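# what's the 3D shape of this:
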Amino acid sequence: EVHERSVDNDILCLLCRRLLLRNDHIRLVLMSATLAADMYQQYFGVLQPPIRVGARRFPVKEVYLDDLSKEVQLSGKDTKKVNDLLKQCLTMTCQKAPSAQYMEKVYQVVANLATAIGKPGTSVLIFVSGMHEIVAIAELIESIVIPGIRFKCVPIHSDIPFEDQMLVFDASKDDEVKIVIATNAAESSLTLPEVDNVICLGLCKQIVYNEASHRQ
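Have a look, this model is predicted:
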């Protein structure tokens, strides 16, 4: 499965191409919903056109942080938090890890946003970077009370038992909004039903080598 380009995917493709040069009996299949097929076709020297599997497509509208208050009706407190996050985000410019205070605001905005846009009988998918974010956002969502609507949080993470993660495929009840809080395991490994809205924190965890201390 090849989705967004990354260092890992590029290295893997390089190794696969070397493998094919030495073993012409091996068949390599690249699959993706976002694959730049022509580029990979040229890279591997494939003469046949790529196989495209047709499917139903739905319009997708992307809303970024700076347009959030225009697209979604937020409370005064949440609007202020969104503006504060935007200012801090522009200041940090991804040069350092966000602070604990910054992340607390993110959790609160995400929890309130998910409960605001989630409709009974549907699901909201939230992409986070780790288990701590899953627990923090789930606790905030479960503390929100809206008459006539129940919010059911379903986490997806490698540390969570498989049986608990399978709850994500249960159909939402008429008075229930299912909120799936997941790491990138839900990005490429499975397809979730009933998801009308996706919230992405835009964060990831990486192992970085420190040249000064010679440690990761």
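
# next SSE after the helix or strand of the chain with the lowest mean pLDDT?
Lowest mean confidence among the helices and strands of the chain (mean pLDDT, DSSP states H and E): helix 185-188, at a mean of 58. Next in sequence after helix 185-188, counting helices and strands by DSSP states H and E, comes strand 195-200.

# and V110, how far is that from L140?
According to Cβ to Cβ, to the nearest Å, V110 and L140 sit 8 Å apart. For the C-beta atoms, the positions are set from N, CA and C on the backbone; glycine is no exception.

# ok, these two, which is more surrounded?
V110 (23 against 19; other Cβ atoms under 10 Å).

# Can you pull the poorly scored residue ranges out of this structure?
Residues of the chain meeting the criterion pLDDT under 70: 34-35, 54-56, 93-94, 185-190, 216.

# hey, where'd the strands end up in it?
123-127, 150-156, 176-182, 195-200 (DSSP state E).

# Including mean neighbour count and distance to F169, could these go into TSV?
Listed next are the strands of the chain as TSV, based on neighbours: other Cβ atoms under 10 Å; distance: least, Cβ to Cβ, whole Å:
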stretch	mean neighbour count	distance to F169
strand 123-127	24	10
strand 150-156	20	9
strand 176-182	24	10
strand 195-200	16	12
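
# Make CSV from those and add distance to D84 to it.
As requested, the strands of the chain are exported to CSV (distance: least, Cβ to Cβ, whole Å):
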stretch, distance to D84
strand 123-127, 20
strand 150-156, 25
strand 176-182, 23
strand 195-200, 18
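
# where do the helices sit along the chain?
Here the chain has its helices, by DSSP state H, at 7-22, 37-43, 68-71, 76-92, 100-117, 131-142, 162-165, 185-188.
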